[in-house]
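Trainee: give the three-dimensional model of this entry:
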Amino acid sequence: MHILRFLVSPIWKMNAETKMEAWVSAMVARKLSVRDVFLILLFIAGIGLALSTVLHKATNAYSPFFPRSVSQALTNFIPHTLARDSESSMGSAKKLTLKILMAPALAPVSPPPPQDELDLVLAKTANPNRTLIVTALNGAWAEPNTMIDLFLESFRVGEGTQDLLNNLLIVALDAKAYNRCLQIHQHCYSLRTRGFDFSAEKLFMSEDYLKMMWRRLGFLGEILKRGYSIVFSDTDIMWLRNPLVRLEEEADIQITCDKYNGNPWDVRNEANTGFMYVRSNERTISFYRYWYLSRRFYPGQKEQDVLNIIKFRKQFAGRGMKFKFLETKHFGGFCERSPDLNDVYTMHANCCKGLKAKVIDLRNALDDWGKYRNPTINSSFPNLGGWTPADACQNSWWT
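Mentor: Numbers count the residues shown, from 1 in each chain. As a prediction, this is how the structure comes out:
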């Protein structure tokens with residue numbers, strides 16, 4: 001019996017010790033589990049608070065893309081939901097987190113920012129199809145009895161062009177041009193370039209001339225981005241008939257050329273950027289961005305010269321644009337005139353150097369148009385329909 005107790009007692013003691021160790025281990029594990037659960041809940045609450053803050057900022061930043069009711073609902077949804085979940089799953093030890101989540105309601109989502117001046121001017125000038133005519137003007141060309149006066153006169157004496165003045169936006173490149181525009185036209189926009197003065201006449205291909213041309217191109221790209229199609233015209237183009245009736249509705253870009261080879265889709269035509277119709281769409285917006293950035297690779301070149309280079313690149317054809325060249329029979333210039341006044345729509349003082357020469361020969365062109373339109377003179381001279389030679393422009397390259 002004693003031997004049996006001796007043999008059994010160590011086993012009994014070992015079992016008791018093992019049970020005690022197991023109980024202690026269980027208590028420690030339980031304590032650790034409670035701590036882990038508590039930390040996990042606090043971590044989830046922290047994520048919820050951070051997510052709530054981020055979402056609130058996002059709804060404020062992008063509220064123009066959501067209805068106001070949706071933005072406010074998204075702003076308030078997560079904090080309140082997390083608060084209810086936290087209250088049910090966390091005890092009194094989580095009251096602080098709950099108070100943070102149940103803070104006073106966030107301020108109402110701010111309304112979209114107001115339109116800037118350019119948006120307002122574009123909306124006021126464009127026709128119902130969101131298309132407008134744009135020309136650029138500096139101080140030299142804004143002088144009385146010079147280029148801008150001839151340009152506006154052509155609209156007043158042209159066939160079907162008077163009403164188009166309602167859709168003409170004059171973009172002034174300096175203060176002098178802007179002040180003159182306000183005196184003579186209803187739609188003006190001041191486009192300033194910090195550090196540059198474009199008011200004086202810029203010699204052809206001079207550094208300031210190139211900067212002015214590229215600045216103008218970048219601005220036209222901005223108008224396209226805002227969803228407006230453009231009929232751009234240099235100020236030294238006379239609008240004798242409404243040219244819009246001869247434009248193809250489906251083409252992305254239509255542009256005049258110095259010399260026309262008879263094929264309107266042939267990129268070998270020499271483009272002239274003085275007159276362009278550009279539809280606002282993804283293709284043209286992307287192309288204008290590419291065209292403008294290309295100036296960095298062709299220093300010392302104006303935007304027209306760069307266009308006549310990149311139009312032969314594979315990337316140009318790969319853009320899928322319908323790019324059409326307008327024939328000089330209707331969109332003529334001093335490089336290649338419309339042969340007959342019966343066919344002319346616009347007349348451009350291209351292939352000409354200097355403001356003085358342009359004004360002289362464009363004045364003659366308007367006089368020719370006036371004689372053509374005068375029934376008394378036309379009946380007396382039935383063969384009238386030709387142009388006075390552009391002698392001033394022809395001689396401008398040697399004077």
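Trainee: okay, and Tyr189 sits in which element?
Mentor: strand 188-190 (DSSP states H and E).
Trainee: sheet-wise, list the partners of that strand with their directions.
Mentor: When pairing is defined by DSSP bridges, strand 188-190 lines up against strand 168-172 (parallel).
Trainee: quick one: contacts of the strand it pairs with?
Mentor: Contact with strand 168-172 is made by 121-122, 125, 132-138, 142, 148, 155, 177-178, 180-181, 185, 187-191, 216, 219, as judged by CB atoms under 8 Å, 6 or more residues apart in numbering. C-beta here means a position set from N, CA and C on the backbone, and glycine is covered the same way.
Trainee: what's the angle between the helix or strand following it and strand 168-172?
Mentor: Counting by DSSP H and E, the element after strand 168-172 in chain order, helix or strand, is helix 175-184. Orientation check (axes from the mean of the first three to the mean of the last three CA atoms, to 10 degrees): helix 175-184 against strand 168-172 gives 150 degrees.
Trainee: ok, residues contacting helix 175-184?
Mentor: 137-139, 141-144, 148-149, 152, 170, 172, 188, 190, 192, 199.
Trainee: which one of those residues is nearest to Gly320?
Mentor: When those are compared for distance to Gly320 (CB to CB), Ile170 wins out at 33.2 Å.
Trainee: so what's that closest one closest to, chain neighbours aside?
Mentor: Counting by CB to CB, 6 or more residues apart in numbering, Ile170 lies nearest to Cys181, which is 4.7 Å off, once chain neighbours are set aside.
Trainee: just the pLDDT for that neighbour.
Mentor: Confidence at Cys181, expressed as pLDDT, is 97.
Trainee: same check on Ala317?
Mentor: pLDDT, read off for Ala317, is 89.
Trainee: got it, and Glu21?
Mentor: 50.
Trainee: ok, Asn186 - contacts?
Mentor: Not quite, residue 186 is Gln, not Asn. Going by CB under 8 Å, 6+ apart, Gln186 touches 165-166.
Trainee: that one - that's part of a helix, no?
Mentor: No: looking at Gln186 with DSSP: H, G, I helix; E, B strand; the rest coil, it is coil, so not inside a helix.
Trainee: what separation do you get for it and Val344?
Mentor: As judged by CB to CB, to the nearest Å, Gln186 and Val344 stand 27 Å apart.
Trainee: cool, and Arg156?
Mentor: Distance from Arg156 to Val344, by CB to CB: 17 Å.
Trainee: what of Cys393?
Mentor: As judged by CB to CB, Cys393 and Val344 stand 17 Å apart.
Trainee: now Asp367
Mentor: Here Asp367 is placed at a distance of 14 Å from Val344 (CB to CB).
Trainee: neighbour count winner among these two?
Mentor: Neighbours were counted for Asp367 and for Val344 using other CB atoms under 10 Å; Val344 has more, 25 against 11.
Trainee: what's the pLDDT at the nearest residue to the more buried one once chain neighbours are set aside?
Mentor: Excluding its sequence neighbours, the residue lying closest to Val344 (CB to CB, 6+ apart) is Ser338, at 3.8 Å. You'll see Ser338 listed with a pLDDT of 91.
Trainee: would you say Ser338 is within a strand?
Mentor: No: under three-state DSSP, Ser338 sits outside any strand and is assigned coil.
Trainee: show me what contacts it?
Mentor: Residues near Ser338 by CB under 8 Å, 6+ apart: 328-332, 344-345, 347.
Trainee: now the buried members of those residues.
Mentor: Among those, those that count as buried by neighbour count (16 or more other CB atoms under 10 Å) are 328, 330-332, 344-345, 347.
Trainee: how about those in JSON lines, adding pLDDT?
Mentor: JSON lines is the format used below for the buried ones among the contacts of Ser338 (pLDDT from 0 to 100):
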{"residue": "Thr328", "pLDDT": "97"}
{"residue": "His330", "pLDDT": "97"}
{"residue": "Phe331", "pLDDT": "97"}
{"residue": "Gly332", "pLDDT": "96"}
{"residue": "Val344", "pLDDT": "96"}
{"residue": "Tyr345", "pLDDT": "98"}
{"residue": "Met347", "pLDDT": "97"}
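Trainee: and the contacts of helix 175-184, which of them are in strands?
Mentor: Using DSSP state E, the members of those that fall within strands are 137, 170, 172, 188, 190.
Trainee: which ones are touching the first one?
Mentor: Okay, so that is Leu137. The contact partners of Leu137, by CB under 8 Å, 6+ apart, come to 148, 170-173, 177, 180-181, 235.
Trainee: which among these gets closest to Cys351?
Mentor: Thr235 (16.5 Å).
Trainee: so that closest one touches Asn138, yeah?
Mentor: No: contact criterion CB atoms under 8 Å: Thr235 and Asn138 do not qualify, at 9.2 Å.
Trainee: just the buried residues out of the contacts of helix 175-184, in PyMOL syntax.
Mentor: The PyMOL command for the buried members of the contacts of helix 175-184 (criterion: 16+ other CB under 10 Å) is given here:
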select buried, resi 137+138+139+141+142+143+148+149+152+170+172+188+190+199
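Trainee: sweet, I'm off.
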